[in-house]
Each structure stands twice: as C-alpha cells, then as structure tokens.
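In: coordinates only, sequence not included:
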DNA sequence: CTACAGACTTGGAATAATATTT
DNA sequence: AAATATTATTCCAAGTCTGTAG
C-alpha cells in the first residue's frame, strides 16, 4: 500500500483515543422538527390545475431535432438567428500529436472478466423498516400527490398503465380505499422501489414535461452615484454605471488587485462607455469606485437594519413571486426545479489564475434562452415584454428544462431539476451501482495494470502507470484544457514539472488540480511505477507531459474493455465509498454516547475527504477561535482543580460542607441608551479586567458529581479543539454529497442506532431518499 | 478518425439561516 | 437582544465523458 501524507493536515490522532475522550453532551443538532414542519407546509399548498398536462397513455415521443440542441451563440452579433458553429476560429492548440503513435489495443486477456461471478456475499438490497424521518418525508409526498389528484383528472401514463383507476372518496369503505390509494401513490413516486428494467430505452428521459420557464434577474435600476476620476466626480450613463457597479461590488476582494482582472475588466468596461465617456476615462488606475461601493454598503446595511417582521414580509413576497418557477411536472409528477434563476450579469470570477477573470458577463435575455418542454405543455409566457424566447424545443432525451450559452466561456448553462428529483436520484443511484460493480472487477483490473506496467508498449506502460495513480491516489483523469482556462491538471495531463522523483521509489506530487486546489503528496510506489516515471520524464522539458502517448479517451476506452461502462471517475467513487465502508466497519458501538458515534463517523468522512483532496481555505478567524477555546479549556481545568482540592480538604477535615473558589469573568455593564460603539468599548473594557473570585459553599456530598461534570466539560472542549484543528482545511461536504454511497451511511446508522438526520441535512435526506430503506446489512 | 458540442457531475466560496454566547 | 459562531443552502465555475459532424 501507498504511504500518504498531505501537507497541512496533522497526523491522525488514533480514532479510538479520540472517541473515548468525548463524553460531552453536545446539542448540535436540533433541526428535525423544522424539517417536518416545512415539509408539511409545503404539502398543504394547492396547485393550479392548468399546470398539469394531460398525457396520452404510453405514448413516447421522439426528441425533435434529432436530439441535438442548438443554443443561440452569444458571441455572434445577432444571437437569435445564429446556429452555433465554430466561428470563433479557436482551435484547441494543445491537442498533441499523441495519436500518431497509438498502439494496438490489447483486449485479449480481459474479455473474460465480463463473466466474472459476483463475489459479493453481503445482503444486497434488503428492505428494512424506514426511519421515522423517512416516514415523514414520505407522508408529505403522499399529501402532495393526493391534492394533485383531486385537483385534476389527468394523471399520466403510469396510472393508466396500472389499469385500475380508483374513484376517490365515493365508496362506503373509504378508509380502505384511501389506504390502497396511498399504496398506489407510493408505488407511483418511489421510482427506486421498482425493478428498473434495463431493456427500456433509457435514452428517453420523460414523456410529458411542463414547467414555467426561467426567472430573470430584475432589470438594472440606475442609482446615479458617481465615480471619481482623478478625484473628480463623473456621473455615468446607465449602461456604463451598471458595469462600474459590477466592479464596485468586488472592491473589497483580492480580485481587484490582480492585473489580469483589471486588464480584462478595463477592456470590457470601455466597450460599455459612450464616446464621450471614453474620452474622459483614460485609465482604470485613475478611477475611484468608492462612491458606488459606499452606496452598495449603505443599501446592504439598510436591509440589515429592517426589523425581522419586515424581513419576513419581504421574504414571503419574494417567495410568492418565485413560486411558479420552483416546480415542474414530469410524467405527471411534481418535481422541484433546482436552479430556475437566470444568472445575473456581473464580472466573471474564475478560480486560480483564470485568464478571463474580470470580464463582463453579459445580461442573458429571453432570446438567448432555449426552453425544453413537452410538446403538449403550454409554452411559458416570456416574462420580459417585447421579447421572446430564443427557441422552444421538445427534446425528451435530455433532462434540462432550459439553457443558454455562457458569454464568457462559451459553455452551456442549464436549468435542472433539484437533487431530490427522479432524474437526479436515478442517475445518482446508478453511479453508486456502477462503483459497486467495480468492486467485482477491481482485482482483475489491478492485475491488468500491474502487468501493463512492464509491457513492451510505451502507450500501455503509460496507461498502466496513470491508472495506478488514478486508483491508488484517487486522482482525476485530467482532460486537455484550453489556453483561455486556468492552468490546472489531472492525471493524464500531469507535466514533468509536477513531480519529483526520489530514489529509491518515492514520488512527490505538487500540482494544481480542479478549482486550482493544490495537491501535494509524497508517496512510495511500486518499483516498476518508479522505473516507468523515470523513463517517461527522461529528456523532457518541465512543461512537457509525462504521459505524452496517453489520451483520456484511450484510457477510458481501455477501461471499457475491462468492465462495461467503466470510466476513470468511477475509481474515485469506488475508493471513496469503499474506504468509508471499511472505516465504519472497524468499530462496533454498543451503547456509547451519540457524540462519540458522530465523531467516529466524521473521522471516517475526513479520511475520505483527505483521499479526495477536498480542501477548504482556512477560516479567517480560526486562530482566534482556537485561542478562545484554549482559554475556555484553561478555565474549565482550573475549576476542576478547585473542586478536587475542595474535596480533598473536606475529606481530610471530615466536613460535610466546604468552600470552593470560583473565578468568574465580570459582566459588561450595558445601559439602554448606549450606542453600539459604546457597548463595544464596554465589552472590551470588561474583557481586560481580572476575573473576580467568588467563594461558594458546597456540600461535600455534591462534589463528586460536580467533579464528574467538570471533567466532562474538559473532555468536550478538548475534543472540540482537536476536531477543529484537524478539520480546519478539510471539507467534508463534497465527499458526503458526491462520493459516499448513502446506503453505507444509512446502514451504519441503523446498526448503531444513530438517527440518520444527525448526519444528513434536510436537503441531503431528500437527495438520498432512495437510499433510506437500505438494510443495516447493506454492504457496498 | 478527431475535434468539439453537449450534457451531466463535481467543487469551493459566498450567502443565508440558525444556534450559541455574551 | 445583539454579536458571533456554526451549519445549510445557493451560486456558478470547472470538471468528466459521450456522441457526432466533418
């Protein structure tokens, strides 16, 4: 196995030691009630019947346009009529001439893998009792479904297919009817309960689809605040003012100091200036955006200063406006839309050293938007007067509702359903199923690339070496990138400059990966890997690719010969999930404190996050927070010490009551008429005061329990501190959301009597609804 | 075959909501 | 009750990977 260590992450404290330290009774989670309330609230709302599109039974439509969608091209003069072609003339300069020496593939020995038996001896999909939270979520869905059904007669394909339509509330045996009703509805929305027949054409994603389109950001309202040019006030035309305001919004960030950002902004800004303004404004360095910045700050503060009732009113009003956009109806079932808001104009902020940072992202107009909707569904009215949708299509081979082309990157932006939807849920489940399938192939695949390390073919040696890293280090595959993107790499695009080889067999990685997150790791590798790397870098320049004969396509093509549907990213999912499963199985809990269990889980989660290099920037106040915890700890220790001394003394003197000294912080002395600044000063003054000693008379018989309490407090603070330090630059969320099969977590929770909602937030519970019934014996 | 359009997942930061402390 | 810390959600950039036009 590979030894692994990432900089800045402290050596692991042994799990068991950490866990056993914790006796605290943290009350960190108390949102369950809210979950239920919100869900019930949601369920109670009524729906308009015209939102529903009647469906013809079983009818499947083909996508129009032969499945291909054309977006208007934002870079063209008249985006309306342009069908996109590669007019930009931008060719991928980096496409190496790798292909020329492409070697024969070597499918020979591995075809047999396909027939490999399933060596998995765990219970696979057994259903056990759903948790309480699941019951609640489920119930809420029923209510929606029922309301929907009562409101409209059109129920869509599935109901009709089932054959026995029920009449609602007519029979004498209403209760039973209702129950059956519920069962049927349950069937109806629980896509994960059924056998998903593979024989169905899974390129068809829906039969009927209706929705309300997209929500545009409000149009720009000029504030008429000037900029200062060489100290002189200049009032800009609305168009220029808007762009100036984009810049002012970023004034407090590091971006405005970056030359690339300034250069790009200045170029674009000038294009938004009138001729007159162009003449006046000659250099960005001479422009002071502070007046606009201050205006924005004042606006922010005014908003903050509203009473909570006012805030609530605004929120509710906003929700009402937005409501119709939040849902779509897919095959007769209501689904939440994920991102119905069109991205507002502003400055493009890339990550890392992005060549396009600071460019002006133009305002998206209806003409830029393609709406994808069912043929029979009413086309949503274009919400901006005098404009019309760019295009209406009926492509049921895709799952997006609307889309447009991004003016900066040329990429596509789509409106999707939310993570809790069937579309997302199904493919999420499929993703994990594929990763689980890899478990059955992994031994052979490892054999394959281990053998391939010593192949006669250079391409195969490179491929095997790359795969070795993808598997062992969970590296991303690393596609080619364009000149106008940040210079980041993955495995296949690693360059000589990104590794250092240390004899006898250590490899030091240092490169920028996705989102320009730095990957630093030194690993010891198998001999042939080290030997290969030496060969691959020999005679190359630092900026040359290590795997120059390897393409991502070639690698993925090869993987497909080893397992159907396999691609490089599956290894990340597989290794993340299997690692979690392994770590969680390492300890069995009987009746420990809940906090111990949660810490244990987090610890396992952390290991995975480190494997995947999921980092976060150090929270700004980290140091300060640690200091605060330290002084809290000191005080707790001191109090513990006092109690222990008192007990000793009482025992020695045989007294049943004893004096204990407690050092308390003086409280700030606020008066009602104090301003904020005065209050702050008062707080500061008090913080510097020495603590006052208070003498308390305590019963000797009470002391042992007091001591125990104090000890628990000390332990809790210690645990908090070590967790905080350990996690200061590790992000747990990403792996939880994207890499860890939720069924592993559900099973572990059931086995160890941990309420699932302690680990999954409300949105994650919804996202992973399909996994909630997993048996406690589920095995990844 | 190859480049690249296109669709979908993954990612950290920003922001909002909520909990805790003062 | 306000300030501050913590957690959840939203935002939108940046990956992966397949299918297809040329």
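Out: Happy to help now that I have it. Remember, predicted model here, so these are calculated numbers, not experimental data.
In: per-domain residue ranges of chain A.
Out: A:15-34+A:578-617+A:729-771, A:429-567, A:622-726 (automatic domain parsing).
In: Include mean neighbour count, mean pLDDT and distance to residue A:267 when you put the ones you listed into CSV, please.
Out: Heads up, the C-betas are built off the backbone N, CA and C, glycines and all. Formatted as CSV, the domains of chain A follow (neighbours: other CB atoms under 10 Å; pLDDT from 0 to 100; distance: least, CB to CB, whole Å):
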stretch, mean neighbour count, mean pLDDT, distance to residue A:267
domain A:15-34+A:578-617+A:729-771, 18, 81, 29
domain A:429-567, 18, 96, 14
domain A:622-726, 14, 77, 38
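In: Those: which one's closest to DNA strand B?
Out: Nearest to DNA strand B, of all these, is domain A:15-34+A:578-617+A:729-771, at 3.6 Å by CB to the nearest atom of the strand.
In: how distant is the closest one from the center of its chain?
Out: Here the centre of domain A:15-34+A:578-617+A:729-771 is set off from its chain's centre by 16 Å, with CA atoms, centre = their mean, to the nearest Å.
In: on that earlier part again, could you point out which of the domains of chain A sits nearest residue A:356?
Out: When the domains of chain A are compared by CB to CB, domain A:429-567 sits nearest residue A:356, at 5.9 Å.
In: The closest one near DNA strand C at all?
Out: Yes: using CB under 7 Å from any atom of the strand, domain A:429-567 comes into contact with DNA strand C via A:476-479, A:481, A:485-486, A:488, A:490, A:513-516, A:552-553, A:556, A:560, A:565, A:567.
In: Let me know the secondary structure of residue A:510.
Out: Look at residue A:510: counting by DSSP: H, G, I helix; E, B strand; the rest coil, its state is strand.
In: Report the secondary structure element holding the residue nearest to it when sequence neighbours are not counted.
Out: Counting by CB to CB, 6 or more residues apart in numbering, residue A:520 is the residue found nearest to residue A:510 once chain neighbours are left out, at 5.2 Å. In the assignment (DSSP states H and E), residue A:520 maps to strand A:518-524.
In: now do residue A:335
Out: For residue A:335, the host element (DSSP H and E) is strand A:333-336.
In: just residue A:696 next, same as before
Out: strand A:692-699.
In: Quick one: residues contacting residue A:745.
Out: By CB atoms under 8 Å, 6 or more residues apart in numbering, the contact list for residue A:745 reads A:580, A:601, A:756, A:759-760.
In: now it: how far from residue A:583?
Out: For residue A:745, the distance to residue A:583 (CB to CB, to the nearest Å) stands at 12 Å.
In: Pick out the most distant pair among the contacts of residue A:745.
Out: A:580 and A:756 (14.9 Å).
In: Just say helix, strand or coil for residue A:663.
Out: Residue A:663 falls in the strand class when you classify it by three-state DSSP.
In: how about it, what does it touch?
Out: Under the criterion of CB under 8 Å, 6+ apart, the contact list for residue A:663 reads A:635, A:638-639, A:691-694.
In: hmm, back to that, other SSEs contacting the strand holding residue A:335?
Out: helix A:132-151, strand A:327-330, helix A:422-452 (3 or more CB pairs under 8 Å, 6 or more residues apart in numbering; DSSP states H and E).
In: helices or strands next to the second one in the packing?
Out: Just to be clear, that refers to strand A:327-330. Using 3+ CB pairs under 8 Å, 6+ apart, strand A:327-330 is in contact with strand A:209-211, strand A:333-336.
In: tell me the most buried of those?
Out: strand A:209-211 (a mean of 24; mean count of other CB atoms under 10 Å).
In: how far out from the middle of the chain is the helix or strand that it is followed by?
Out: Moving toward the C-terminus from strand A:209-211, the next helix or strand (DSSP H and E) is strand A:227-229. Taking CA atoms, centre = their mean, the mean C-alpha location of strand A:227-229 is offset from the chain mean by 40 Å.
In: cool, stretch A:347-364 as well?
Out: On CA atoms, centre = their mean, the centre of stretch A:347-364 falls 21 Å from the chain's centre.
In: Give me the angle between the helix or strand harbouring residue A:609 and strand A:518-524.
Out: Per DSSP H and E, residue A:609 falls inside helix A:594-611. Comparing the axes of helix A:594-611 and strand A:518-524 via axes from the mean of the first three to the mean of the last three CA atoms, to 10 degrees yields an angle of 90 degrees.
In: Counting by contacts, list what helix A:594-611 packs against.
Out: Using 3+ CB pairs under 8 Å, 6+ apart: helix A:594-611 touches helix A:15-21, helix A:569-585, helix A:703-726, helix A:733-738.
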